[in-house]
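Engineer: Sharing a model prediction with you, sequence too.
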Amino acid sequence: MFRFFNRVRTIVSSELNALLSKAEDPAKMLDQYLVDMEKDLSEVEAAVAKQIANEKILKNKYEEAAEYVQRREEQAIKALESGDEELARRVLEDKNKHQGNADSLKHSYEEAHKLSSELKEKLLEMKNEYNEMKMKKDSLKARAESAKARATVNKTMSGIGDGAKSGFSRMEEKVIHQEAEADASDEMRSANKTLDDDLKALDATSSVDSELAALKAKLQQKDS
């Protein structure tokens, strides 16, 4: 019984952070504590039931002994009323012999009754504490899940800051560099295209000039 109460006090005083610091799973540990408590509670219930049964046995024996003593007293009175004093004496001697046994049984029964009452109060206290632990378990498990979720998010965010985020920065720089190279290529292509066009235009102009000069020469020859 005391082992049960010590365990309950331990659970009540323990904090969720203490469980986490030991790398234990609070949800599983709390479930296991309740299983252990249920086992202890079952053992105590059996012990209390046994004590109550013992109390009832003593009560029955005491009542039988008291009835026997009472019956002997009534028989002694009858013997006296009938004038048989010797019989009355013998009956009273037997009554006194059993009176000691009845007194002893009465004392034992009273002690058993007192112990039964104390144990039933303790059992009720234990059941109340067990029910309190059951209700507290759900709250602690919810807090444990919240703490795990927060830790997971923080760890992931830290990973993003150290790894993925720096990787994104490198890729961004690379894209900017590629864009700059593409722009430079476009500019070079535009410059080359303009030069080629000018040369083609120059060639076209030279061709026209040559034709024009040839026509002029031909007309001069015709005039002359």
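Structural biologist: Everything's here; your move. Every value quoted in this text rests on a predicted model; they were computed, and no experiment measured them. Residues are numbered from 1 along each chain as shown.

Engineer: what mean pLDDT would you report for the host helix or strand of Leu212?
Structural biologist: Using DSSP states H and E, Leu212 maps to helix 165-223. Here helix 165-223 scores 72 as its mean pLDDT.

Engineer: same deal with stretch 136-144?
Structural biologist: According to the model, stretch 136-144 has a mean pLDDT of 80.

Engineer: Could you find the closest non-adjacent residue to Val91?
Structural biologist: Ala76 (4.2 Å; CB to CB, 6 or more residues apart in numbering). Where C-beta positions appear, they are placed from N, C-alpha and C, glycine not excepted.

Engineer: List the contacts of the one you found.
Structural biologist: Going by CB atoms under 8 Å, 6 or more residues apart in numbering, Ala76 touches 88, 91-92, 95.

Engineer: and the two most separated of these?
Structural biologist: Farthest apart among those by CB to CB are Ala88 and Lys95. That separation is 10.2 Å.

Engineer: Extract the C-alpha set from stretch 43-57 and format it as CSV.
Structural biologist: Coordinates of each C-alpha in stretch 43-57 appear next as CSV, following Å, rounded to 0.1, in the frame of the first residue of the first chain:
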residue,chain,number,x,y,z
GLU,A,43,-3.8,-5.9,-4.8
VAL,A,44,-5.0,-3.4,-2.1
GLU,A,45,-8.7,-4.1,-3.0
ALA,A,46,-8.0,-7.8,-2.5
ALA,A,47,-6.4,-7.1,0.9
VAL,A,48,-9.2,-4.9,2.0
ALA,A,49,-11.8,-7.5,0.9
LYS,A,50,-9.9,-10.2,2.9
GLN,A,51,-9.8,-8.0,6.0
ILE,A,52,-13.6,-7.3,5.7
ALA,A,53,-14.2,-11.0,5.4
ASN,A,54,-12.1,-11.6,8.5
GLU,A,55,-14.1,-8.9,10.4
LYS,A,56,-17.3,-10.6,9.5
ILE,A,57,-16.1,-14.0,10.7
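
Engineer: Give the buried residues for that stretch.
Structural biologist: Buried residues in stretch 43-57, counting neighbours by 16 or more other CB atoms under 10 Å, are found at 44, 48, 51-52, 55.

Engineer: do the same with stretch 108-117
Structural biologist: 108-109, 112-113, 116.
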